[in-house]
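[1] Give me the fold of what follows.
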Amino acid sequence: RLLRGAWLGHPVHPLLVTVPIGAWVCSAVLDVGFGDRAAARRLVLVGLAATPPTVLLGLADFSHLDVPQRRVGALHAVVNTLAAGCFLASTRCGDRAARVWGLVGLLVLSAGGALGGHLSYAQGSGVGRWQEEARVPAVDGPW
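    Numbers count the residues shown, from 1 in each chain. I've put the predicted structure just below:
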């Protein structure tokens, strides 16, 4: 319950995904737009450091999905793992190859994000989960 966001009233995974996504998008802007490879590499590392807790929270949500949602959730996880692998590869090579790996990573990450969006918005994953648990049972009398 803690990892799924009971304390917040909604899932935490969608909030945490903004850290690696934001870091990786900004890394591309700094690298491609401003030619600052060192800053871009630091942001890629920030995104990679934020990935394990993001995955952990996603797995906590995964445990409460129905079968069709699990199929999309598993594909979402695989695609985003490939994206993280692209960003990791970008830290291990020269500037030009790193830029290519980073851009490929963004493309793959976009596909993973689209799957996550489909899981949430089209399949309703987690929708209303905490509102139902937060409802107080009715009691006799006006108070």
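
[2] After the helix ranked longest in the chain, which helix or strand is next?
    Secondary structure of the chain per DSSP state H: the longest helix is helix 37-62. As assigned by DSSP states H and E, the chain's next helix or strand after helix 37-62 is helix 67-90.

[3] that older thread, quick one, the longest helix of the chain and helix 67-90 angle?
    Using axes from the mean of the first three to the mean of the last three CA atoms, to 10 degrees, the direction of helix 37-62 lies 160 degrees away from that of helix 67-90.

[4] Helix 37-62 - contacts with which helices or strands?
    Other helices and strands packing on helix 37-62, by 3 or more CB pairs under 8 Å, 6 or more residues apart in numbering; DSSP states H and E, are helix 13-16, helix 18-28, helix 67-90, helix 95-117. (C-beta placed from N, C-alpha, C; glycine too.)

[5] tell me, which of those is the model least confident about?
    The stretch with the lowest mean pLDDT among the helices and strands packed on helix 37-62 is helix 13-16, at a mean of 91.

[6] Please name every helix or strand in contact with that one.
    Using 3+ CB pairs under 8 Å, 6+ apart: helix 13-16 touches helix 37-62.

[7] Flag every buried residue along the helix it packs on.
    37, 40-41, 43-44, 46-48, 50-51, 54-55, 57-58, 60-62 (16 or more other CB atoms under 10 Å).
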